[in-house]
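1. Test case, fold it:
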Amino acid sequence: MLMSSCGEVIMVKFYSALPKFEYTSPQSVQEALDLVNDKKHDGVRLYAGGTDVLPKLKKRLIDVPRMLIDLKRISELDYVKYDLEKGLRIGALATLRCISTSPIVRERFEILSQAADSIAARQIQNRGTLVGNICSGVPSADSAPALLCLDAKIICMSTKGERSIPIREFFVGPHRTIIRNEEIVKEIQIPEMPPGSRGVYIKLSTRKRMDLAIVGVAVVLVSDNRICKEIKIGLGAVAPTAIRAERSEARLLGQELSGSIIEQVAQRAAEESSPIDDHRATAWYRRCMVRVLVKRAVHQIIAK
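-> Okay, the predicted model is just below:
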């Protein structure tokens with residue numbers, strides 16, 4: 001029981017332990033799919049790293065499932081693969097640290113390496129997964145703006161087969177995705193980036209990687225003689241889901257990368273955002289920082 005500055009009594013609940021639920025750890029994809037589709041196990045919840053689900057369960061921020069299915073022992077889902085034909089493929093159990101330090105990701109998809117490295121502390125990165133980061137559906141997920149700029153696809157599987165979901169269709173609201181109850185995410189697929197493209201992810205937070213993003217901005221740009229040939233701008237923590245700033249992209253496409261045009265594009269991106277006021281920042285401040293960070297990201301790419 002706490003007392004506010006106005007003399008009001010505030011009741012606060014503190015939980016020191018996880019709630020009760022069944023737990024299982026399948027060793028194969030088929031075993032996991034059988035569990036998900038078994039009607040006797042309605043109310044199941046999947047997790048890989050557990051860095052998001054377990055703290056929320058402990059704090060009673062999400063409904064307590066009947067069964068928690070730990071996917072961590074399914075070794076066939078733990079990989080980062082690349083080839084020229086299929087591009088980059090990231091398995092559901094590939095950790096954030098594995099992705100941020102992968103030589104092929106750093107060389108060919110640097111923006112994704114930057115985004116993965118910006119998420120939480122090293123201990124969390126060693127356990128948490130990229131797939132888990134987007135499956136949480138959090139608007140401030142650091143990987144989401146970068147994946148939007150990379151035209152990623154999410155491959156889901158069920159007993160009926162696989163389906164491919166463009167990342168732009170994956171998020172349907174705060175903490176909500178298009179994944180069906182009977183599905184498990186298999187991997188994230190990212191096509192080869194266009195020749196000459198460069199990308200940057202910039203995160204604004206109180207303590208860098210230790211806090212959620214107040215604003216996250218990802219930009220992928222292709223230019224020729226300072227003329228913009230292709231531009232993608234992803235924004236995080238400034239709308240109900242991570243978004244692409246399409247009107248801003250259209251304003252810069254085909255234009256010379258001058259200071260005045262970049263300023264206009266950054267301002268338009270701020271106008272496309274729809275942030276909220278919360279304990280981390282006001283909506284006004286977030287819009288201001290979208291403008292600042294988009295401009296900064298474009299200038300960083302040009303300077304490379």
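
2. contacts and neighbour counts: CA atoms only from here.
-> OK.

3. list the contacts for Leu257?
-> Residues near Leu257 by C-alpha atoms under 8 Å, 6 or more residues apart in numbering: 226-228.

4. And those residues, which is closest to Lys20?
-> Cys228 (55.4 Å; C-alpha to C-alpha).

5. Quick one: residues contacting the closest one.
-> 221-222, 252-257.

6. at 10 Å what do you get?
-> 221-222, 249, 252-257 (C-alpha atoms under 10 Å, 6 or more residues apart in numbering).

7. in the host helix or strand of it, what's buried?
-> Assigned by DSSP states H and E, Cys228 belongs to strand 227-236. Using 16 or more other C-alpha atoms under 10 Å as the test for burial, strand 227-236 gives 228-236.

8. do the same with stretch 28-41
-> So for stretch 28-41, counting by 16+ other C-alpha under 10 Å, buried means 29, 32-33, 35-37, 41.

9. where's the dip in pLDDT among those?
-> pLDDT across the buried residues of stretch 28-41 is lowest for His41, at 55.

10. Nearest to Val294 among the contacts of Leu257?
-> For those, the closest approach to Val294 (C-alpha to C-alpha) belongs to Cys228, at 14.9 Å.

11. hmm, back to that, the buried residues of strand 227-236 into JSON lines, with extra columns for pLDDT and distance to Arg106?
-> Formatted as JSON lines, those follow (pLDDT from 0 to 100; distance: C-alpha to C-alpha, whole Å):
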{"residue": "Cys228", "pLDDT": "96", "distance to Arg106": "24"}
{"residue": "Lys229", "pLDDT": "96", "distance to Arg106": "23"}
{"residue": "Glu230", "pLDDT": "97", "distance to Arg106": "21"}
{"residue": "Ile231", "pLDDT": "97", "distance to Arg106": "20"}
{"residue": "Lys232", "pLDDT": "98", "distance to Arg106": "19"}
{"residue": "Ile233", "pLDDT": "98", "distance to Arg106": "20"}
{"residue": "Gly234", "pLDDT": "98", "distance to Arg106": "19"}
{"residue": "Leu235", "pLDDT": "98", "distance to Arg106": "21"}
{"residue": "Gly236", "pLDDT": "97", "distance to Arg106": "22"}
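
12. can you give me the strands in the stretch 1-150 of the chain?
-> Assigned by DSSP state E, counting those that start in this stretch, the strands in the stretch 1-150 of the chain fall at 2-3, 9-10, 22-24, 44-47, 67-70, 80-83, 87-91.

13. Serialize these to TSV and add fields for mean neighbour count and distance to Ser164.
-> Shown next, in TSV, are the strands of the stretch 1-150 of the chain (neighbours: other C-alpha atoms under 10 Å; distance: least, C-alpha to C-alpha, whole Å):
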stretch	mean neighbour count	distance to Ser164
strand 2-3	10	50
strand 9-10	10	48
strand 22-24	12	27
strand 44-47	21	19
strand 67-70	19	23
strand 80-83	16	18
strand 87-91	21	13
